[in-house]
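Enquirer: heads up, no residue letters with this:
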C-alpha cells in the first residue's frame, strides 16, 4: 500500500514533503468476444477432447478461466443484455431487449474516455488496425451464432470431423418435450459434427484477432474477455438449443454453464482457473471495479469478482456467495455448489431439484422427494427474494438479498 513519505529533519534543514501519488487508473483496451449458445463443455479447456479449438485453448492458458460461470438467462438476447448491463432478465422485460434508459458497459466506459464500437470479426480486425497502445477502447465482437442449421460453415471445418465418432459424447434419445432445434436430433452424430465444425470456424476467427493484437503491439495493453451469452444442449437430455429447446423451458447445466476467459498479460495470471460461482450479471461490476469506475445508480444484483480475476486477496469480511440465479419466461434457477433448483410458475411447478454431486448429469429429479424438502424450501425462499428485489429498478436496502455465508 502506498503511504506518504515522512519529512525528515537534519538540524535546521528540512527536506520537502513528497506527497504520495495514487496509482494511475487502469485504462486497457478491451476486446470483448461474445458468442451465442456456446456451452462450456464443448471446449478443450473445459475437458472436451474431440473439438478442435486450439486458439481458444491458448486464450484460456493466457489468463484465467472460470469453471463455474453461468448465464443469467439461457437464451441469446436476455443473456447478452444482462451481461452488458448487469440488469436481470426481469428488469430487462420479457423480450430481454435494451431500452433507452439502460446503461450498457459501452456507455459507462464512454464516460471514462473510451471509444466504443461493436461488429463482427472482420470489423474487429479492421478496428484493431487503427489502434495503438495507450488509447483506451472497447470493441464488442459479435461472433456468428452457433445455432443451427450451420449452412455457412466452410467445408474445411466440416472435413475435420468426417471420421470423428464422438465416442463418449453420449447424446440422449430425443425428448418428448423437444421444441426449438429438434430437427437436429434425427441424425444426432451428423448434427454434432456440424456444431463442432462451427466451433472450429469460430476458433480461427479468435486466432485471427489474437494475431492482430500481437502484430499491432497491443497484446500487453489489451484486456481480452471471451464468453458466451448462453449455452446449448447439443443432444444432451434429448434436446438441442438452450432454454427454448424444451417446453417448458429448461435450465440444464449445458444451457446455462458458459465459458469465461480473462487475459491481460502482466495484470492477470496465466494458466489459472477459479471455481467460484459467478454470473453474467457480475461482469459489469467486475469491469468497473477493475478500472476504478463507478457503477450506474441502478438496482444491480451483481458483485465484482475483480479480486479473483487478478488473484488478489478478497476484501476483508467478504461474504461467500452461496448461489447464482437465472430467469427465463416462467422458469427460474437457483444454482449452488451442490444443489440446483429449477422452479416454474413461482414455485407452483413443475419443479426440479438436483444433487449435482451425486447426480452431475441431472437425471434424477428430487423435486418431490420429501427427504429434500428442507433444501427445496430454503432454495425457493432465496430465489423468491432475488426475484422480488431485482425485478425493478428501485434500489433496495444493502442488507437485503440472498443468503450469504461470512468468510471465516
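Expert: Happy to help now that I have it. Quantities reported herein were computed from a predicted structural model and do not represent experimental measurements. Residues are numbered from 1 along each chain as shown.
Enquirer: Check the gap between the nearest residue to residue 114 once chain neighbours are set aside and residue 236 for me.
Expert: Sequence neighbours aside, residue 136 is the residue nearest to residue 114 in space, at 4.7 Å (criterion: CB to CB, 6 or more residues apart in numbering). The C-beta positions use only the backbone N, C-alpha and C, and glycine is treated the same way. Residue 136 is 41 Å from residue 236, where distance means CB to CB, to the nearest Å.
Enquirer: got it, and residue 288?
Expert: With CB to CB as the criterion, residue 288 and residue 236 are 35 Å apart.
Enquirer: the helices in this protein, which residues?
Expert: For the chain, the helices defined by DSSP state H cover 54-62, 76-85, 89-92, 105-110, 121-129, 155-158, 188-215, 253-256, 283-291, 306-309, 373-389.
Enquirer: what about those, which gets the closest to residue 341?
Expert: Shortest distance between residue 341 and the helices of the chain, using CB to CB, is found for helix 373-389: 4.2 Å.
Enquirer: tell me what that closest one is packed against?
Expert: Helix 373-389 sits against strand 324-328, strand 331-335, strand 339-344, strand 352-355, with contacts defined as 3 or more CB pairs under 8 Å, 6 or more residues apart in numbering; DSSP states H and E.
Enquirer: run the last query once more with 10 Å
Expert: helix 89-92, strand 324-328, strand 331-335, strand 339-344, strand 352-355 (3 or more CB pairs under 10 Å, 6 or more residues apart in numbering; DSSP states H and E).
Enquirer: Report the rounded mean pLDDT for the third one.
Expert: Spelled out, it's strand 331-335. For strand 331-335, mean pLDDT is 98.
Enquirer: helices or strands next to that strand in the packing?
Expert: Counting contacts by 3+ CB pairs under 10 Å, 6+ apart, strand 331-335 packs against helix 253-256, strand 324-328, strand 339-344, strand 352-355, helix 373-389.
Enquirer: Apply 6 Å and report the result again.
Expert: strand 324-328, strand 339-344, helix 373-389 (3 or more CB pairs under 6 Å, 6 or more residues apart in numbering; DSSP states H and E).
Enquirer: For residue 165, which of the ones you listed is the nearest?
Expert: Of the helices and strands packed on strand 331-335, nearest to residue 165 by CB to CB is strand 339-344, at 30.9 Å.
Enquirer: what are the pairing partners of the closest one, and which direction each?
Expert: Sheet pairing for strand 339-344, assigned by DSSP bridges, gives strand 331-335 (antiparallel), strand 352-355 (antiparallel).
Enquirer: the inter-axis angle of the first one versus strand 324-328?
Expert: Between the axis of strand 331-335 and that of strand 324-328 there is an angle of 170 degrees, by axes from the mean of the first three to the mean of the last three CA atoms, to 10 degrees.
Enquirer: most tightly surrounded among the helices and strands packed on strand 331-335?
Expert: strand 324-328 (a mean of 27; mean count of other CB atoms under 10 Å).
Enquirer: Give the other helices and strands that it contacts.
Expert: Other helices and strands packing on strand 324-328, by 3+ CB pairs under 6 Å, 6+ apart, are strand 331-335.
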